[in-house]
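Participant: Okay, predicted coordinates and the sequence, questions at the end:
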Amino acid sequence: MLWLALGALTLFLFLGGLRAFEQASVTTIKSLLVWIAALAALSLALLLVLTGREGIALGALAMFGPLLWNRWRAARYFRSGTWPGTGRTGSSSNSGTGSTPPPRSPRGGAMSKQEAYQVLGLTPAATEDDIRAAHHRLMRTAHPDAGGSDWLAARINMARDVLLGHKHA
């Protein structure tokens, strides 16, 4: 009888978890998966240390440490809109201006002209021909048919439409 009650409780918790998963946003699910992976990695590291295999744990840290550091810095950038250390020489990729990137527009929101120029890698002095040439150059590699990303291709198209004054639905 105890096993039947534990099984029913497990099933109830599993179905509740599925309902929460169904109603959760993609961001929440990604965050949950990151936390699960981090807890699993910490548990594995603790198990390795407790069983006398510190060398393996240190080797894994040396191998995955830089990756984790870069992910942490990128997450800080996307939360705050400023890249850490942009004041240092050579750490900014904004055409050598040394300024921080502008805040990102909300997902699905309208793109500003400044952001559109940044997406296409142009300055506000760009002509219509410059805009079309930059769009064509970027779409050669960013188009999904060429192995690129749907999201990136849509951003490039939106930037072109904003700068050329086309209506964007």
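Facilitator: In hand now; what should we look at? As the structure is a computational prediction, the values presented were derived from the model and not from experiment.

Participant: Check the offset of the worst-scoring helix or strand of the chain on mean pLDDT from the chain's centre.
Facilitator: Across the helices and strands of the chain, mean pLDDT, DSSP states H and E gives its lowest value to helix 54-80, namely a mean of 78. Mean-position distance between helix 54-80 and its chain equals 15 Å (Cα atoms, centre = their mean, to the nearest Å).

Participant: Now the element after that helix, going C-ward?
Facilitator: helix 113-120 (DSSP states H and E).

Participant: Can you give me the buried ones in that next one?
Facilitator: 115-120 (16 or more other Cβ atoms under 10 Å). Just so you know, the C-beta spots here come from the backbone N, C-alpha and C atoms, and that holds for glycine as well.

Participant: what element comes up after that helix heading to the C-terminus?
Facilitator: helix 128-142.

Participant: pLDDT (mean, whole number) over that next one?
Facilitator: In this model, helix 128-142 has an average pLDDT of 91.

Participant: List the contacts of that helix.
Facilitator: 120-122, 126, 146, 148-149, 152-153, 156-157, 159-160, 163-164 (Cβ atoms under 8 Å, 6 or more residues apart in numbering).

Participant: and the helix or strand just after that helix, how far from the chain's centre?
Facilitator: Going down the chain from helix 128-142, the next helix or strand is helix 150-164, by DSSP H and E. Distance of helix 150-164 from the chain centroid (Cα atoms, centre = their mean) equals 18 Å.
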